[in-house]
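Enquirer: Sequence first, then the predicted structure, then my questions.
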Amino acid sequence: MLGDLAKAAKKAEHHEAEDFIQAAKLLIANQFLYAEKTSQRPYYFLVTEHLDYFRNLFEAIGWTLVYQADEAFVGILPGEEERTQRLKLDESLFLLVLRQLYEEKLENFEVESGRAYIDLDKVLQTYEHLTNKELPNETRMKDILALFARHGVVERGKPHETDPKNMTLVIQPVIRQVVVEDYLGQLDQLIATDEEGQSVKVKVAAATEDAGESDAEPLPEKVEEKTEAEENVVLQDEQVVTEDKDENA
C-alpha cells in the first residue's frame, strides 16, 4: 500500500502523499464527502481523480468506495461482517422516516441536485404518523440529528426566526446508500417487534468515531441471529446498541 501511495502521489501534479492520507482520514471520519461543502471539496476532487487508488485502499480492509458524480458525493461503506452497528429504536425509526420523506420528494420532483429540503416540523409530524409513537424530547432530538449529521445523512440549517424550534433539514442523497430496499417493511417490523417487547436492532454502516457518553452495552463481536429488518439498513463501525425503548427522559 505504501508503494501504491508513492506512485499515486507521484502522478498527482498538485498533491503530496500527505494529501492522500488526509483524504482517507476524512472519508473514515465523515463517511461521505461532498463537492458542495467548501471544507471537503479539495478532498472530494482528490478522491474522484484517483478512484482506483482509493478503491483499492478501502477494498484491502473490506470496505467499498461509492461515487455518484451526478449528486457530487463520494463515500465508503463497510463490508457485511462490519455492518454491526445497532441503532437505538428512535434512531432507527427516524432514519427510516427520512428515507420515506426523501422518496416522496423524489416522486414530486422536489429534489435539487439530489438534496431534499424539508422542515423539521414536517419530519416530526411524519414520525408520529408512521410510528404512532411519542416524539423524542428536544434534547434527544438534537442528539439524533447530530448523529446523522456526523455521517453526512442530513445537514442542519439555522433555526427559523419566527419558530426557533423549527429548522430546515437537508436530506442528502446518501440516504439511499444508508437505508436500502424495503424501508417501509423495516419500519413496520421495528414497530411490531418493539410492541412485542423483543430486542429491536437495525444494522447500519457508519464511520468510526467517538460516539460520546452512552448507556449502551458493548456490541458482541458476532450476532448469530438477525431480523429481516437488520439485513437491509446500511451507517460503519460506531458501535451503538439498540435499546428496547426510546430515551424520553
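Expert: Arrived safely, thanks for sending. Residues are numbered from 1 along each chain as shown.
Enquirer: now the closest residue to residue 138 other than its chain neighbours, what's its secondary structure?
Expert: In space, and not counting its chain neighbours, residue 138 is closest to residue 165: 7.1 Å by Cβ to Cβ, 6 or more residues apart in numbering. Glycine gets a C-beta too; all of them are placed from N, C-alpha and C. Reduced to three states with DSSP: H, G, I helix; E, B strand; the rest coil, the structure at residue 165 is coil.
Enquirer: other SSEs contacting the helix or strand where residue 56 lies?
Expert: Counting by DSSP states H and E, the element that carries residue 56 is helix 51-59. Packing partners of helix 51-59 (3 or more Cβ pairs under 8 Å, 6 or more residues apart in numbering; DSSP states H and E): helix 2-11, helix 17-30, strand 64-68.
Enquirer: which stretch in those has the least confidence?
Expert: Looking at these, the lowest mean pLDDT belongs to helix 2-11 (a mean of 62).
Enquirer: how about the strands in the protein?
Expert: 32-34, 64-68, 73-77, 85-86, 111-112, 115-119, 154-159, 167-171, 203-204 (DSSP state E).
Enquirer: Low-confidence stretches in this structure?
Expert: By pLDDT under 70, the low-scoring segments of the chain are 1-14, 80-86, 180-249.
Enquirer: which parts of the lengthiest helix in the chain are buried?
Expert: Among all segments of the chain classified by DSSP state H, the helix with the greatest residue count is helix 89-107. Residues 89-103, 105 are the ones in helix 89-107 that count as buried (16 or more other Cβ atoms under 10 Å).
Enquirer: and if you look at stretch 130-141?
Expert: Going by neighbour count (16+ other Cβ under 10 Å), the buried part of stretch 130-141 is 130, 131, 133, 135, 136, 140, 141.
Enquirer: so which of those residues comes closest to residue 69?
Expert: residue 130 (32.7 Å; Cβ to Cβ).
Enquirer: Pull the contacting residues for residue 68.
Expert: Contact partners of residue 68, counting by Cβ atoms under 8 Å, 6 or more residues apart in numbering, are 74, 114, 173.
Enquirer: Convert stretch 23-31 to PDB, retaining C-alpha atoms only.
Expert: Extracted in PDB, the C-alpha atoms of stretch 23-31 (Å, rounded to 0.1, in the frame of the first residue of the first chain):
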ATOM      1  CA  ALA A  23      -8.400  12.400   2.300                       C
ATOM      2  CA  ALA A  24      -8.600   8.800   3.500                       C
ATOM      3  CA  LYS A  25      -8.900  10.000   7.100                       C
ATOM      4  CA  LEU A  26     -11.700  12.400   6.200                       C
ATOM      5  CA  LEU A  27     -13.600   9.500   4.500                       C
ATOM      6  CA  ILE A  28     -13.300   7.300   7.500                       C
ATOM      7  CA  ALA A  29     -14.300  10.200   9.900                       C
ATOM      8  CA  ASN A  30     -17.200  11.600   7.800                       C
ATOM      9  CA  GLN A  31     -18.100   8.500   5.700                       C
END
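Enquirer: Greatest separation within the buried residues of stretch 130-141: which pair is it?
Expert: 130 and 140 (17.9 Å).
Enquirer: how many neighbours does residue 22 have?
Expert: Per other Cβ atoms under 10 Å, the neighbour tally for residue 22 reads 15.
Enquirer: Residue 41 - nearest residue in space that isn't next to it in sequence?
Expert: Sequence neighbours aside, residue 35 is the residue nearest to residue 41 in space, at 5.6 Å (criterion: Cβ to Cβ, 6+ apart).
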